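Undergrad: Quick check, what structure comes out for this input:
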Amino acid sequence: MINVTSCELNSKIIFITDEFFASANRMLLETEAVFKDEFDENGHWMDGWETRRRRNGGNDHCIIKLGKISKINSFLVDTSFFRGNYPKAISIKGFKAKDMSDEEFISKYETLEAFELLTQSDLEGDKKQYFDSSYVKELTHLRVDIYPDGGIARFKAFGEICFDEKLYDEDNINVLSMLNGARAVYTNNEFFGPLKNILKENDALNMGDGWETRRRREPGFDWGIIELAKPAIIDNIMIDTNFFKGNFADSFSICSAYLENTTDSSVITQSIFWEELISKQKLSMHNKHYFDKSFLLHDKPITHIRINIFPDGGVSRLKLFGKFVKVEK
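TA: Alright, predicted model coming up:
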């Protein structure tokens, strides 16, 4: 599942009752929370969202605008390093408010229909806790209530990005972008960096912001499977080894398939027999590599790819440019 509240997907805080000690936007970061023995003008620096101590009753809350319309299956609430200052409980509501400006939503959200995703649930300090969502339909905003106050290091909502039908009208778009609903399904190894990183739209920030496997000490190669949001026809490819200098993948190839009905576990075995989309190509360090249509071995609609890297190493981004298509059954 994708963390749909990630700031890397353009999700953002648009309203908070308080963030005296630490900015609420920090809890949407993908990085692990850290502890620093530092103080700023308001107190101890904390890596997360932290409100002041409430003295007038009530509780604090914030509003998160999702970067893309999404369906949410579960939550991670991380109170790492918040020990004497964590909230005692949390609840989460969702809204479906398409085409509404931030200002309009803020002025109206208390009167809009709200869907309960998580009833008030207890939290513990300095701990990662997972909760299921009781509502799994399209949402645009979340309201996160903490009781009565305190701090959360990281907040993540896992689910899927809803496909935007308008994308059918666009050509030469990155159909492998996480923003367009692509997701990492499985990889044989991601010791130094997760496969999902290569689906990000923006350039990598550093070597840790890509997919990197451990050093292979046996025959074979490493690989990862990715699912597109909808069937697409590929026109050209970009693969980036940015920041990978002494550890870039020596070469790569991509296999592909069109699968109407499948499960994540079944595609692992099926991928052995998938058709090549691009044959094995050499890579160089710290560089963007482009492959036009002349390198592609077919122009059939696909729903899944398997990227193979030989023998191991790192890739920062992979982009498949083309067009989403409706396939006649």
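Undergrad: tally of neighbours for the nearest residue to Gly151 once chain neighbours are set aside?
TA: Of all residues not flanking Gly151 in the chain, Glu50 sits nearest, at 3.4 Å (C-beta to C-beta, 6 or more residues apart in numbering). The way it works is simple: take the backbone N, C-alpha and C, and place the C-beta from them, glycine included. Summarising burial for Glu50: neighbours were counted as other C-beta atoms under 10 Å, giving 30.
Undergrad: Quick check: bridge partners of Glu50?
TA: Ala22, Gly151 (DSSP bridges).
Undergrad: wait, it sits on Pro87?
TA: No - with contact defined as C-beta atoms under 8 Å, Glu50 does not count as touching Pro87 (9.7 Å).
Undergrad: Pull up the overlap in contacts between the two.
TA: Listed as contacting both Glu50 and Pro87 by C-beta atoms under 8 Å, 6 or more residues apart in numbering are Gly150, Gly151, Ile152.
Undergrad: quick one: buried residues of stretch 39-49?
TA: Met46, Asp47, Gly48, Trp49 (16 or more other C-beta atoms under 10 Å).
Undergrad: Next up, the contacts around the last one.
TA: Right, the one you point to is Trp49. By C-beta under 8 Å, 6+ apart, the neighbours of Trp49 are Ile16, Glu19, Ala22, Ser23, Ala24, Asn25, Arg26, Met27, Cys62, Gly151, Ile152, Phe155.
Undergrad: Next: Lys230.
TA: Phe163, Leu167, Gly181, Thr303, Phe324, Val325.
Undergrad: Just say helix, strand or coil for the first one.
TA: What that stands for is Phe163. coil (DSSP: H, G, I helix; E, B strand; the rest coil).
Undergrad: residues near it, how many?
TA: Neighbours of Phe163 (other C-beta under 10 Å): 16.
Undergrad: Could you do the second one as well?
TA: When neighbours are counted by other C-beta under 10 Å, Leu167 registers 16.
Undergrad: Let me know the pLDDT of it.
TA: On the pLDDT scale, Leu167 is placed at 95.
Undergrad: Please give me every residue in contact with Arg306.
TA: Per C-beta under 8 Å, 6+ apart, neighbours of Arg306: Trp223, Gly224, Ile225, Ile226, Ile254, Cys255, Ser256, Ser271, Trp274.
Undergrad: Please apply the same query to Gly150.
TA: Glu50, Thr51, Phe82, Asn85, Tyr86, Pro87, Lys88 are the contacts of Gly150 under C-beta under 8 Å, 6+ apart.
Undergrad: Buried among these? Make that a ChimeraX selection.
TA: Buried members of the contacts of Gly150 can be picked out in ChimeraX with the line below, counting by 16+ other C-beta under 10 Å:
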select :50,51,82,85,86,87
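Undergrad: I figured Lys200 hits Met178, correct?
TA: Yes - between Lys200 and Met178 there is a contact under C-beta under 8 Å: 6.0 Å.
Undergrad: Have a look at the two and say which one is more surrounded.
TA: Met178 (26 against 22).
Undergrad: How many residues are close by the nearest residue to the more buried one once chain neighbours are set aside?
TA: Spatial nearest neighbour of Met178, chain neighbours left out: Leu199 (4.1 Å); criterion: C-beta to C-beta, 6+ apart. Leu199 is flanked by 23 other residues according to other C-beta under 10 Å.
Undergrad: what does Leu117 give?
TA: For Leu117, using other C-beta under 10 Å, the count is 24.
Undergrad: Secondary structure element holding it?
TA: If you go by DSSP states H and E, Leu117 is part of strand 115-122.
Undergrad: Tally up the residues packed near Pro219, please.
TA: With other C-beta under 10 Å as criterion, Pro219 counts 6.
Undergrad: for it, phi and psi?
TA: With angles defined as degrees, to the nearest 10, Pro219 sits at phi -60, psi 160.
Undergrad: before we move on, the earlier item: quick one: mean pLDDT for the strand holding Leu117?
TA: On average, strand 115-122 scores 98.
Undergrad: Listing partners with orientation, what would you give for that strand?
TA: strand 89-95 (antiparallel).
Undergrad: Can you show me the helices along the stretch 151-300 of the chain?
TA: Along the stretch 151-300 of the chain, counting by DSSP state H, counting those that start in this stretch, helices occupy 264-270.
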